[in-house]
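Peer 1: Next comes the sequence, and after it the predicted model I'd like to discuss.
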Amino acid sequence: LFAQACRNEIYFIVEKFLDFDYNLNYNFVYSEDEYDDEGTPLLRLINPRENFSNEHLIERLLQKDVDVSARNGSGCNALLALALRYRFDNGSENGEKLLQLLMTRGASIDSVDFDGNTALHWAFLSGRLELVEVLVRNGADFRVKNNGGNIPLQMADAMEEFSFGMFDELLEGDRHPLQIDDYEDEEDDLQRTSTKPSLVDRLRAQEPSIYAPVGGDTKLHFAIRCGKQADIDALLQLYREDFDKVRDHLVGKYDWDAEDKIWFTKTILVATTEEQCQSAKNLENRHVGAEDLRRAVLVLLKYPVNGEDVAVLHPSKSDRLPVAQLIQTLVPNGFLSWNYVGTEGKQETFVQSAVLKAMHHVIERLYELGAPIAIPGYNPLLTAIRCNRMETVNWLLTEHFDHFDCTLRDAGECNALIAAMQRNDGALFDLVLEKMIAYRRKYFAETEEEAFHEIFLLEHEEYSYTTIFTHVKKSGPIFERVEKAIQKYKLKLSHRWKNIVVLGSLIERNIALEYCFEGIRNDPQLLGLTEHETTTILHQLLRRGHLEFIREMYSKYPEVQSFFNSDGAFETLRKVVFDQRRETVQFMLEHHEDFLKNDMEKLKDKLLCYYQEEFYEERKDLFKEYFPELQDSIQEVLRWTHIDDYYYGIEGSFAKANIDVSNFDKLPEPYATVRGSNGETLLHLAVDKDDMELLVQMLEAGCELDLLDNDGNHPVHLVKSEEMLDLIINRHSEGRSLIQRTNNDGCTVLHKLCQQSIDSKKLVALLEKVIAYGADVHQLTKHGENAVFFAGDHDVLDFLRSHAVKLDHVNNSGETALEILLWNVWVARPLFSYVHDLPSFKEHAHKYLAPMLNQSGHVYTYDYKVIFEKYPEAARIMLDSVYEHSREEACRLFSKACTTGFVYVVELFLDGNYELDYNYKDQYEDTPFLGLIKHMEQVTARVIRRLLEKGVDLRARCEWGRDALMHLIWRYRTAKWKGLGLDTVQLMLDHGASINTTDEDGNTPLHLAFEQKEFELAEFLIENGANLNAVNNIGKRPFEMAPALDRELFYFYSE
């Protein structure tokens, strides 16, 4: 949960965990799917998706036992991630401190990510002079080249800026740390000075191009964020020139109307090599109509072909695949587009970047050049509000009011009004609401009320529990303004979003209550509206204590009382009892006692769900007055509250008997009569706690040493140390012969000792002493079990083996110790190695396989795979033995091996060429093949092929309605890495897989292929008969499952 809170940026929960100082695994990696690879909680905090206000939490987490060398899916450790963070977190002032803390914790200063970048590379790219200085001071190597051949200094947008202003305290004549011989040759400097090209020319000649994203962002993003006006001007000139090339090409070659500026709204690809340029031209459609041109993909050519700077891609079905492959090749080059928002970090438009720096002149210039002020999901007005750029807010809403839709929402469905509410700024709220309503009235032809209703909503699919009212603080200027706006514009009380009704949200937060009450008076049926299926508005009013109003409604409209009668009534009662609202409890029982007490089990389940004694003590009178019939049940709950405090061991046994052994002064006397729920005495407790002082105290108080518990255990059976053993023996009349005592199962002290979880060296020494005192190492229990059956770890096993205890002994039930101990891998593995070549192994081999497979695949890999690989003959004996004893069991275990990803065992079964049911269905209705295909990390092409040869049913479905082909496509990215590409898909189709089957969501394999952005796979499926027009349960065709950018670039799959 801590790791999940870090991942989801729920920082108040993270802080609570740190406040309570739990003994957590602070390196636990939580992920929600195979693409969620951002790593440990530390890495999550360092590189959040949105909320960067967490540096205090990073600092606190670094005080814990965190692994600063752990890496995320991009190969970044904590130091690299921190340097990378400050490309996006411009407002931080603690970067130096956190870097220093990481290095103090042992972070490697020159470690590299998968692209070969060091922290110094990222610091230069971030434009953070102070971070560069900290890293260099701590020994960062400024000569390390990344995979692109660049040293850190070459990552800076303007390298010369980093040569000065650092290390000002250097003495005259000292060498500047960044003056590198390889790059600062004086003669070259003189030559460059005399023939230095312009900044525009240098940027145009740079590799990669200015459009290529570095860490997700373009050079223009970086230039704006760093406030480098010369770079901004030069880059905007290049953008303008390139857009002009596209315009001139379309106008000149296709007679396109120059006023219809589609080049500004399209995402234009960029070909940066001669080969790419030639390929684009070779695939160009020579005959493109006007409507086709509007949809076609445009490619800017760095190297003109036949005198043309642009290629127009509008493929037919015959060349669709090569065009798709070319597009995928060009995407990493970046895009000529005003709408590019990056793929990582802040993901903002150029205008949003300019807003962050309050660069109005840059925004004006961008707009003049054709850049939109806002696009869906990216509204700079929200950016200005959130970074407190009030001057920019006013400027946007006045100078550019007609130039963009100020009501646009971001990806989280927040609009500017919600952003103003989050700031609790009344004047800002007034301004934004006025302008947003005015905009919708002017451009959407809505009334004020209609406009307000559209604006005053927050409906996010992923966070459906969040509403706009979540952002209304309980006090302050926003609260009053929201109430007035709700009344003025007559907000619809019955409006529902998922499980939430506007009226319920208002009541829950005490907002505009008089408006709510008046609405209910006008329409009493509103009381019956439900939230979360069973909670009605009537329940909400009861929870908030609006009894006077409810009495009024009950009096005027008695029929509304029926809205109380649902499961939500019991939850309501639970809450008002918890809040100790006596008057509300009395009201509910006065009007609804028959309903509530008609189902006593449900009533007890809701009211007696707390296990703190204080809860019942504080509400003692309330329960006694209103729920006398629950008194016995409350006492039972209280008894279990004590049991929970000492749930395990002998202390728990005393707790079950309502005896608190934590305070001996309060124990009843005589002590000899005090017994736990299983008959344990206080002497048993003393031995179990290895408390010799307590043992002596209890003996002197009259406790009898020979009293047994209900299982026949003498206190000596629980001994954990040599000192306690000697103390008991010295105090007992039988002396060392006490070692021979057995309990009801026939276990001696030796048997019980083998089960103890104490330090191995102390345990072995204690076992030696017990044997020296006369214990028979070969003695059997009443069940015919020797000491091996009780071995708790491999040290005990080796000790018994050194005393020649029979390792393959069979008990009275016909079981071996290995069969019993297979749950304990640390004993079972060495025991297997000792018994696998004994004559008795084959007789019992059929029993061993099932427990070994009773795990998940990755656990098996570490636990029992070594046994199968190291002892292949024994593994074969186990499988043969299973098959000989029961074909049905062999089928079940083969299915188990498949559905748990034990590929090695699956192949052993296939090697045995057994007559199995290869379409056997397990308890989840999975066939072996269907189960195996879910374990993409373990499965291989060879085992897929071998299973298909067995005639498996590829149309069998899992509980979600997906067959094997759909599972393969859903994990196709991983499948490709494992060598399970198109050949495997073809193989499955050849063996009967259905290409147009649908899952429970109505998705076909083609839907999943587009959703995974696997266009080559999609083309392959289409060629094999996949239906491009199939519609899923939400009305989407396969192509419509792709992300928005891909739907634009690969539009030809929609036809």
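Peer 2: Alright, I've got the coordinates. Numbering: from 1, shown residues only.
Peer 1: Every contact and neighbour count from this point should use C-alpha atoms.
Peer 2: Fine.
Peer 1: Chain neighbours aside, what residue packs nearest to Phe894?
Peer 2: Computed as CA to CA, 6 or more residues apart in numbering, the closest residue to Phe894 that is not its neighbour in sequence is Val906, at 6.5 Å.
Peer 1: by contact count, what packs against the helix or strand hosting that neighbour?
Peer 2: Element membership of Val906, judged by DSSP states H and E, is helix 903-911. Helix 903-911 sits against helix 865-870, helix 872-885, helix 887-899, helix 941-948, with contacts defined as 3 or more CA pairs under 8 Å, 6 or more residues apart in numbering; DSSP states H and E.
Peer 1: Save the ones you listed as a markdown table, and put in distance to Ala290 and mean neighbour count too.
Peer 2: Listed next are those as a markdown table, based on distance: least, CA to CA, whole Å; neighbours: other CA atoms under 10 Å:
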| stretch | distance to Ala290 | mean neighbour count |
| --- | --- | --- |
| helix 865-870 | 63 | 15 |
| helix 872-885 | 69 | 18 |
| helix 887-899 | 54 | 23 |
| helix 941-948 | 47 | 16 |
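Peer 1: any chance of these in JSON lines, plus distance to Cys277 and mean pLDDT?
Peer 2: JSON lines is the format used below for those (distance: least, CA to CA, whole Å; pLDDT from 0 to 100):
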{"stretch": "helix 865-870", "distance to Cys277": "52", "mean pLDDT": "86"}
{"stretch": "helix 872-885", "distance to Cys277": "57", "mean pLDDT": "94"}
{"stretch": "helix 887-899", "distance to Cys277": "48", "mean pLDDT": "94"}
{"stretch": "helix 941-948", "distance to Cys277": "37", "mean pLDDT": "94"}
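Peer 1: Now that we have those helices, can you turn them into TSV and tack on distance to Leu1021?
Peer 2: Putting the helices and strands packed on helix 903-911 into TSV (distance: least, CA to CA, whole Å) gives the following:
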stretch	distance to Leu1021
helix 865-870	37
helix 872-885	39
helix 887-899	27
helix 941-948	19
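Peer 1: Val270: which of the ones you listed is closest?
Peer 2: Evaluated over the helices and strands packed on helix 903-911, closeness to Val270 peaks at helix 941-948, with 37.0 Å, by CA to CA.
Peer 1: Show me how the protein divides into domains.
Peer 2: With domains defined by automatic domain parsing, the chain comprises 2-170, 712-835.
Peer 1: Residues touching stretch 204-224, excluding its own?
Peer 2: 126, 157, 203, 229, 231-232, 235-236, 238, 270, 272, 332-336, 341-345, 347, 349-350, 353-354, 357 (CA atoms under 8 Å, 6 or more residues apart in numbering).
Peer 1: My error: substitute stretch 541-561 in the last question.
Peer 2: 507-508, 517, 521, 524-525, 527-528, 538, 572, 575-576, 581, 584, 587.
Peer 1: Over to that stretch now: how far is its first residue from its last?
Peer 2: Start-to-end span of stretch 541-561 (CA to CA, to the nearest Å) is 13 Å.
Peer 1: in it, what's buried?
Peer 2: Applying a neighbour-count criterion of 16 or more other CA atoms under 10 Å, one finds 541-545, 547, 550, 553, 560-561 buried in stretch 541-561.
Peer 1: export the residues you listed to a markdown table and tack on pLDDT and distance to Glu601?
Peer 2: Formatted as a markdown table, those follow (pLDDT from 0 to 100; distance: CA to CA, whole Å):
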| residue | pLDDT | distance to Glu601 |
| --- | --- | --- |
| Leu541 | 97 | 25 |
| Leu542 | 97 | 22 |
| Arg543 | 95 | 22 |
| Arg544 | 95 | 26 |
| Gly545 | 95 | 26 |
| Leu547 | 97 | 27 |
| Ile550 | 97 | 28 |
| Met553 | 97 | 30 |
| Val560 | 96 | 26 |
| Gln561 | 97 | 23 |
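Peer 1: how about CSV for these, with distance to Gly931 added?
Peer 2: Output for those, formatted as CSV (distance: CA to CA, whole Å):
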residue, distance to Gly931
Leu541, 50
Leu542, 50
Arg543, 48
Arg544, 50
Gly545, 53
Leu547, 57
Ile550, 56
Met553, 58
Val560, 52
Gln561, 52
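Peer 1: which one among the residues you listed gets closest to Lys865?
Peer 2: Nearest to Lys865 among the buried residues of stretch 541-561, with distances taken as CA to CA, is Arg543, at 57.0 Å.
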